[in-house]
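[1] sequence plus predicted model, see below.
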Amino acid sequence: MLTFVKLPKFPLFPVPFSLFPISTVKPNFVRLLSMISKYDNNQEIKDGWRDDVAEFRNWMKIIPTIPEKLFKIASDIPTPALVYDLDAITDTVTALRNDLREIPNIELCLAVKANRCQSVLRHMAKLGLGADITTIQELDAAIAAGLWPIYSTAPGFSVADLKRLATEGVIPDLCSLSQLRVWCESANPDKRVGLRLRLPFHEDSKAKNVVTRWSRFGVDPKDSGLHSLIQTHELEVVHLHVHEGETFSEADLHQTLDLLVSCLEIFPKVEVLNLGGGWAYLFHLQKPEAQRVWNLVNKTITRINNQRQQPVRLVIEPGMLLTMMAGYLVAEVKAADDHPSGHRIVVLDTSAWNLMFWAPRPAVAQIPFREGPMFVHDLAGCTCYETDYFCLNEKMARIEVGDRVILNASGAYTSSVARSLHGLPIPKEFVIRDNLLCLVE
């Protein structure tokens, strides 16, 4: 349920950023330059934080504007609050579809695990997106929102889960021999199944460890046990699903596409090739490389379809790409004190440990704006966990108790993966659409 509140009219630039001059502001939007500080304002945070902070810091360059209307909302909205900009989601979907326009028979689906907010999901459905789900709870959310088609892969489905998927017309992409046996033994009359293929990780630190070099998800298409099950139960493999984490280059994808092409010879009745998610880096930071990737996909799918009577459908399932930069966390300052380190320690009314343990976020803006010298701030959460920090070394005008801050990049894997240390509630969720602020209830 949504509660609609008409936003009042207000000056074009009611609150300028404190981190750069007002001359950088563009009409109707405020440049989000504070995301790209010249200072090293996110040193590595140990004990609980991921150690690739610098890489995620660079991601903050994506989508270079923030709606100016958010500043007015941030002054009055109950905090903590997660605010999703539906217009920004529309813009991202439109841009991605433009990039994919040459690829035949392609379907765009949202990875529902990134954001389960019903208002966001319904908006995606209106844009014509399908869904990728990994639990029955995500299935329920996708169905309620009207997302279709629905694809699914997960390692822990029960017999009841698989029967529910079949009831809803969802063909699961099974990711282990055990799961395939459960499907066969569940008296499911549907002989059409999908398979997730196991892939090696990219050449990174994990590849140095033989144990972690291969994903734990997926089946080996050459496994004799797999083919024995398929033959015994007269199964028909109609989906092939891959996901290799984040794709950074054409070279990353080339081997995967070659694997899919070879698997089509083993499973000739495949109707859907699902490339999974992991497209945010390419889409936002490496446009030339992204175009090379899409060109490679286009050539591969075209070659496949030229050799088949029935063309395959191609599916991609981004999550972070579609929603991350459309979300903002608005928080209030509960404490602000000088520290022996020379920094000011600012405590917000929510927790980075609970909400943002996948990546620390830089402060985007502070309200109200203050003139004066810049101070180094460390923005912390309100728990008793020592390293509960949103970001470190943020140079801003002096922050005081009662101020508000807006943190960007909060639209994906925030509320959907939230923890509850101290029983702290998940922030209330709002959406902005057509100059309306809507409370999601």
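    That came through fine.
[2] which parts of the stretch 1-150 of the chain are strands?
    For the stretch 1-150 of the chain, the strands defined by DSSP state E, counting those that start in this stretch occupy 2-6, 29-31, 65-67, 81-85, 106-111, 130-133, 150-152.
[3] out of those strands, which gets the lowest mean score?
    Mean pLDDT is lowest for strand 29-31 among the strands of the stretch 1-150 of the chain, at a mean of 30.
[4] might one say that L421 is in contact with N354?
    Yes. Between L421 and N354 there is a contact under C-beta atoms under 8 Å: 5.5 Å. Yep, even glycine has a C-beta here, placed from its N, CA and C like the rest.
[5] shared neighbours, those two?
    T383 (C-beta atoms under 8 Å, 6 or more residues apart in numbering).
[6] neighbour count: the two, which is higher?
    Of the pair L421 and N354, N354 is the one with more neighbours under other C-beta atoms under 10 Å, namely 23 against 14.
[7] G381 is in contact with the more buried one, correct?
    Yes. If you go by C-beta under 8 Å, N354 and G381 touch, sitting 7.1 Å apart.
[8] need the contact list for the residue nearest to the spatial centre of the chain.
    The centroid of the chain falls nearest to M320 when counting by C-alpha atoms, centre = their mean (1.9 Å). Contacts for M320 were tallied using C-beta under 8 Å, 6+ apart; they are 111, 114, 277, 280, 412-413.
[9] which strand is the longest one in the chain?
    Ordering each strand of the chain by length in residues (DSSP state E) puts strand 327-338 first.
[10] tell me the strands beside that one, with direction?
    strand 81-85 (antiparallel), strand 344-348 (antiparallel), strand 404-407 (antiparallel) (DSSP bridges).
[11] quick one: buried residues of the second one?
    In this case it means strand 344-348. Of the residues in strand 344-348, 344, 346-348 count as buried by neighbour count, 16 or more other C-beta atoms under 10 Å.
[12] contacts for that strand?
    80, 331-339, 375-382, 390, 398-399, 405.
[13] check which element follows that strand along the chain.
    The C-terminal neighbour of strand 344-348 among helices and strands, as given by DSSP states H and E, is helix 352-355.
[14] for that next one, list the C-alpha coordinates in PDB.
    Provided in PDB are the C-alpha atoms of helix 352-355 (Å, rounded to 0.1, in the frame of the first residue of the first chain):
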ATOM      1  CA  ALA A 352      26.000   0.300   8.300                       C
ATOM      2  CA  TRP A 353      26.700  -3.100   9.800                       C
ATOM      3  CA  ASN A 354      23.000  -3.900   9.500                       C
ATOM      4  CA  LEU A 355      22.300  -2.400   6.100                       C
END
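[15] for the closest residue to D349 other than its chain neighbours, name its beta-bridge partners.
    Spatial nearest neighbour of D349, excluding adjacent residues (C-beta to C-beta, 6 or more residues apart in numbering): E332 at 4.8 Å. Residues in a beta bridge with E332, per DSSP bridges, are R404.
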